[in-house]
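*Asks:* Predicted model, plus sequence, below.
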Amino acid sequence: AVPLVVAINTSMAASNGMLIRDRIAMEEARNLDVVVFDKTGTLTKGEQGIVDVTTTGTLTENEALTLMAAVETDSEHMIGEAILSEVEERGLTVPDATGFEALEGRGVRATVDTTAVTSGTGETKRESVHVGGPNLIRHLGVEIPGEIDAFAERAGSRGQGVVYLLREEEAVAAVALADVVREESFEAIEALHQMGVEVAMLTGDSEDVARAVSEELGIDTYFAEVLPADKDEKIVELQEGGTLVAMVGDGVNDAPALTRADVGIAIGSGTDVAVESADVVLVENDPRDVASLVRLSRKSYRKMQ
Ligand code: ADP
Ligand code: MG
């Protein structure tokens, strides 16, 4: 019995934003071989964002985004919100639009004051502007220029969605949308690697998306298109031969995997079920705290051997 070390360890953990629900798991954390992260909401933000922009050269990227935002101003679609927040982040001014129409399942249309992007002519100009996906392009029979088509193909191979900008039914720009990776995830994975811990990712998302996110983050192994009921089986597979495995997740469907793992870690605003199934709860929604947990475990229990 080493109550003193455990007490120190627990209060240190608390001041680092960790709630220890199982002290044995906390002790095991120093020997972890693999940390498995759930993707959506853990390594990524779990919401769509603009990850890439292209234009045919008649507009700058920023101009294209402001025209898109003008049309999306009244849209309630997630895609519209992603475009508006990108424009806001870039501090761009959105031109006026009238006659907004939502084209169910295809996109949006409005008449936009394009004076700001037709600089030099000095005259006020109003144009019909569409923003929409492949369905809209097909519906209108619009021809996509080669460079935009190549952009769309590349985005598709990464599992990203593509939305086009049409001026008077001519395609002049496109954006790629994806579930955005958290900045903190890069550091979290690098820190674990430096401690000699392997990193894996588990997701119900497509193979294309999983591969792209893994490559971006430098993840060693990923499991894609995993049904909620099969997540804990992947943990068992990894544990073969005595490999010590941690699972990091936030959702209801992560609960069985959290229970199965040697160290179950619920992150941030995790659901009650996830928290109940976890050995450790990371209070802040920050994947870097997983590395801190391993570090703290090593520091605390080294003295006990
Ligand atoms: P989903 O549930 O997949 O979003 P929707 O019927 O809402 O299905 O939209 C289908 C497709 O139409 C979207 O994936 C997108 O390509 C396009 N779309 C719909 N609304 C918009 C919008 N406001 N802006 C741009 N594209 C849109
Ligand atoms: Mg929808």
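*Replies:* The structure has been received and is ready for your questions. Ligands and ions are numbered 1, 2, ... in the order given.
*Asks:* What is the neighbour count of residue 141?
*Replies:* Neighbourhood size, residue 141 [other CB atoms under 10 Å]: 7. C-beta: built from backbone N, CA, C; applies to glycine.
*Asks:* try residue 82
*Replies:* With other CB under 10 Å as criterion, residue 82 counts 22.
*Asks:* Touching, it and residue 49? I think so.
*Replies:* Yes. In this structure, residue 82 is within contact of residue 49 by CB atoms under 8 Å, at 5.5 Å.
*Asks:* what touches both of these two?
*Replies:* residue 177 (CB atoms under 8 Å, 6 or more residues apart in numbering).
*Asks:* Residue 173 is in contact with residue 163, correct?
*Replies:* No. Contact criterion CB under 8 Å: residue 163 and residue 173 do not qualify, at 9.5 Å.
*Asks:* intersection of neighbour lists for those two?
*Replies:* Joint contacts of residue 163 and residue 173 (CB under 8 Å, 6+ apart) are residue 68.
*Asks:* Nearest spatial neighbour of whatever residue of the stretch 101-250 of the chain ends up closest to ligand 1, chain-adjacent residues omitted?
*Replies:* Nearest residue of the stretch 101-250 of the chain to ligand 1: residue 133, at 1.9 Å (CB to the nearest ligand atom). Counting by CB to CB, 6 or more residues apart in numbering, residue 133 lies nearest to residue 163, which is 5.6 Å off, once chain neighbours are set aside.
*Asks:* Indicate each strand paired with the helix or strand hosting the one you found and its parallel or antiparallel sense.
*Replies:* Element membership for residue 163, per DSSP states H and E: strand 161-167. As defined by DSSP bridges, the strand partners of strand 161-167 come to strand 126-132 (antiparallel), strand 170-181 (antiparallel).
*Asks:* What lies in contact with the first one?
*Replies:* With CB under 8 Å, 6+ apart as the contact definition, strand 126-132 has outside contacts at 67-68, 70-72, 83, 97, 103, 106-114, 136, 140, 163-169.
*Asks:* from the chain's centre, how far out does the strand holding residue 163 sit?
*Replies:* Taking CA atoms, centre = their mean, to the nearest Å, one finds strand 161-167 lying 21 Å from the centre of the chain it belongs to.
*Asks:* for that strand, what is the average pLDDT?
*Replies:* Averaged across strand 161-167, pLDDT comes to 97.
*Asks:* List the buried residues for it?
*Replies:* Neighbour-count burial for strand 161-167 flags 161-167 (criterion: 16 or more other CB atoms under 10 Å).
*Asks:* Dump those to a markdown table, plus distance to ligand 1.
*Replies:* As requested, the buried residues of strand 161-167 are exported to a markdown table (distance: CB to the nearest ligand atom, whole Å):
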| residue | distance to ligand 1 |
| --- | --- |
| 161 | 6 |
| 162 | 8 |
| 163 | 5 |
| 164 | 8 |
| 165 | 10 |
| 166 | 11 |
| 167 | 15 |
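*Asks:* Which members of those residues define the maximum pairwise distance?
*Replies:* Distances among the buried residues of strand 161-167 were taken as CB to CB; the most separated pair is 161 and 167, at 21.0 Å.
*Asks:* Check which residues of the helix or strand in which residue 150 is found are buried.
*Replies:* If you go by DSSP H and E, residue 150 is part of helix 146-157. Residues of helix 146-157 classed as buried by neighbour count (16+ other CB under 10 Å): 148, 151-152, 155.
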